[in-house]
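In: Have a look at this prediction, sequence included:
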Amino acid sequence: MMRRRVDRLGRIALQATYQAHADAPEAPVLFASRYGDLGRSVELLTQLARSEPLSPTSFSLSVHNAIGALYSIARGDTASYGAIAAGEETVEAAFTEACGLLADGVPRVMVVLYDEPVPEPWRHFSPTVGFPHAWACLLAADSGANAIRLDCHAGPPDADAGEQDGLPADLRALRFLVSGARQWEHPVGARRWRWERHG
Amino acid sequence: MLELEHEIKRLVIETLNLEDLKPDDIDPAAPLFVEGLGLDSIDALELGLALQKSYGVVLASDSKENRRHFASVRALADFVSTHRTKS
């Protein structure tokens, strides 16, 4: 009965989370999405503009943490949950938050990334999210050969032109994680996020 | 009245995204909330809004009355047939 509450974005995000969580031990979950469920906001704003009453369901689900909250309710899981949105740096913010939890002594953290093309009125803000996608992974602290390091350096501003393959940043991060590449640099404004693999 | 019951079942299914249900799966006399269909308070608000839009019925803030009207599809059909201002 819970499934009726989630639209496409929530469904793909939760499917990725359930699949990643199935064989994994309990862990805090970080839900990260650059744009979130903007379709709900468009629906509510359109109803407001027409002086129509707002849909109570959409209102209750229009917050950024709604998808994670439904997952927690459906599983009866009272572990720590977080919802993250940090623009172009959403994937880095999620991994930084996960590192914070790991540094606090949590053995593992589940991170879920999900986005879909933004609705029509805001399409011009989002050239990069061309298709709906979601992925999830389980992170643990490691300093050995498999360790991945994430650093942030200052760099020349507006050096973003380097990578023009059209993929959103979270999928470029995923490509780095699964490809075994030694390094991926993600310039954002005057910051350069550097993902590096040791060993 | 049977026709109105069927119409309300369709409204319930569409409004609340009950994608696995068909109108015939809903027992018109069964409770809509908690037991029976298993709807919750957000569904009640959403359904109230849909009834208001479709039939022009106005729901009072008296929760006891509403609980009676929302008891089942049959109770809703009774309520709509006597209070509707839209056809």
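Out: Structure received. Residues are numbered from 1 along each chain as shown, chains lettered A, B, ... in the order given.

In: Please identify the helix or strand for the residue of chain B most remote from its centre.
Out: Centroid-distance maximum for chain B: B:Asp20 at 17.6 Å, with C-alpha atoms, centre = their mean. Assignment of secondary structure by DSSP states H and E places B:Asp20 within no helix or strand.

In: just A:Ala136 next, same as before
Out: strand A:133-139.

In: Settle this for me: A:Gln183 is touching A:His198, isn't it.
Out: No. A:Gln183 is beyond contact range of A:His198, at 10.5 Å (criterion: C-beta atoms under 8 Å). Quick note: C-beta positions are derived from backbone N, CA and C, even for glycine.

In: Would you report the backbone torsion angles of the residue farthest from the centre of chain B?
Out: Dihedral pair for B:Asp20: phi -90, psi 0, per degrees, to the nearest 10.

In: And A:Thr17, by the same measure?
Out: Dihedral angles (degrees, to the nearest 10) for A:Thr17: phi -70, psi -50.

In: Count residues in the vicinity of it, would you?
Out: Using other C-beta atoms under 10 Å in any protein chain shown, A:Thr17 has 23 neighbouring residues.

In: thought it was touching A:Ala32?
Out: No. Using C-beta under 8 Å, A:Thr17 is not in contact with A:Ala32, being 11.5 Å away.

In: shared neighbours, those two?
Out: Counting by C-beta atoms under 8 Å, 6 or more residues apart in numbering or on different chains, the common neighbours of A:Thr17 and A:Ala32 are A:Val112.

In: and the lowest-mean-pLDDT helix or strand in chain B, what does it pack onto?
Out: In chain B, the helix or strand scored least confidently by mean pLDDT, DSSP states H and E is helix B:63-69, which has a mean of 86. Secondary-structure packing of helix B:63-69 (3 or more C-beta pairs under 8 Å, 6 or more residues apart in numbering or on different chains; DSSP states H and E): helix B:73-83.

In: pLDDT averaged over stretch A:89-106, what's the number?
Out: The predicted model assigns stretch A:89-106 a mean pLDDT of 97.

In: contact partners of that stretch?
Out: Contacts for stretch A:89-106 (C-beta under 8 Å, 6+ apart): A:27-28, A:30, A:32-34, A:80, A:82, A:84, A:86, A:108-109, A:111, A:113, A:139-141, A:150, A:152, A:169-170, A:173, A:186, A:188, A:191, A:193.

In: ok, B:Val58 - how many residues close by?
Out: Other residues close to B:Val58 by other C-beta under 10 Å number 10.

In: and the spatially closest residue to A:Ala98 that is not a sequence neighbour, how many residues sit next to it?
Out: For A:Ala98, ignoring the flanking residues on the chain, the nearest one in space by C-beta to C-beta, 6 or more residues apart in numbering or on different chains is A:Val109 at 4.2 Å. A:Val109: 24 surrounding residues under other C-beta under 10 Å.

In: A:His64 too?
Out: Neighbour number of A:His64 under other C-beta under 10 Å is 15.

In: Having no further points to raise, I will conclude here.
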